[in-house]
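Participant: My questions are about this predicted structure, shown below with the sequence.
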Amino acid sequence: MAKAKAARDGPLYDVHPGVEMVQKWVAELKAKTGRTLEEWIALVKKEGPKDEKARREWLKTKHKFGTNGAWWIAERADGKGGEEDSPEAYLKTAVVYVQDQYAGAKETLRPIYDELLKLGKSLGEDVKACPCKTIVPLYRKHVFAQIKPTTNTRIDLGFALTHYKGKLPKRLIDTGGLVKKDRITHRIEITAAEQIDGEVKNWLKTAYDLDK
């Protein structure tokens, strides 16, 4: 009980693992390419194409960047992507991501989201909620679940059940993740907070336990 309480009392959101990856990339960029991020941005603006997509291709073909590096530089040259440059910037943006997900017609889904987030975080102090633009993944070592407002009236709670060997109930819908090798393999549709029942809690705990 104390462990679960600690998880609930901690910060609402956590720094996405991708932020650390971007920071490492930025720190090593000068040594690996001869230019800092700021110098690459200046070069793109001076010599590169005007369109972001064309800039990515230009960075890959002319300067031999991989997909991620080309994407990150092209984004920043266009004034975007800065939310990944520091933990502080990401955490501020994470709140905005969730606000935007549940704005307008999806506003009525927010209480369902809040309840699912609380449930996920209560599983253990090692649970991390790391919002993206359209979903909120829940991490342990990897993503074990995700909360997605799929329509104006429904949230899909997804689970990573690749290694589950038992029989699955009809309520668990196959996402095609096993075939596509995605982390999220099954989902439960939730349209009201009352549907967050023992079965939902059990499968969320199962997905958490599988990610050891």
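Facilitator: Perfect, thanks for sending it.
Participant: so I184 touches D174, yeah?
Facilitator: No. At 10.6 Å, I184 does not count as touching D174 under the criterion of C-beta atoms under 8 Å. (Each C-beta comes from the backbone N, C-alpha and C, glycine too.)
Participant: of these two, who's got more company?
Facilitator: I184 (24 against 12; other C-beta atoms under 10 Å).
Participant: What segments of this structure are helices?
Facilitator: Secondary structure of the chain (DSSP state H): helices at 2-9, 17-33, 37-47, 52-63, 67-77, 87-101, 110-121, 177-180, 198-210.
Participant: Report the backbone C-alpha coordinates of the shortest one in CSV.
Facilitator: Same thing as helix 177-180. Provided in CSV are the C-alpha atoms of helix 177-180 (Å, rounded to 0.1, in the frame of the first residue of the first chain):
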residue,chain,number,x,y,z
GLY,A,177,0.3,-5.3,-32.9
LEU,A,178,1.6,-8.9,-32.9
VAL,A,179,1.8,-9.0,-36.6
LYS,A,180,3.1,-5.4,-36.9
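Participant: List the buried residues for that helix?
Facilitator: Buried positions in helix 177-180, judged by neighbour count with 16 or more other C-beta atoms under 10 Å: G177.
Participant: again, but for the last one
Facilitator: The neighbour-count check on helix 198-210 (16+ other C-beta under 10 Å) flags 200, 203-208, 210 as buried.
Participant: Leaving out chain neighbours, which residue sits closest to the spatially most central residue of the chain?
Facilitator: For the chain, C132 is the residue whose C-alpha lies nearest the centre (C-alpha atoms, centre = their mean; 4.2 Å). The shortest distance from C132 to any residue other than its chain neighbours is 6.4 Å, reached at Y97 (C-beta to C-beta, 6 or more residues apart in numbering).
Participant: what about the one you found, distance to E83?
Facilitator: 9 Å (C-beta to C-beta, to the nearest Å).
Participant: I173 too?
Facilitator: For I173, the distance to E83 - C-beta to C-beta - is 32 Å.
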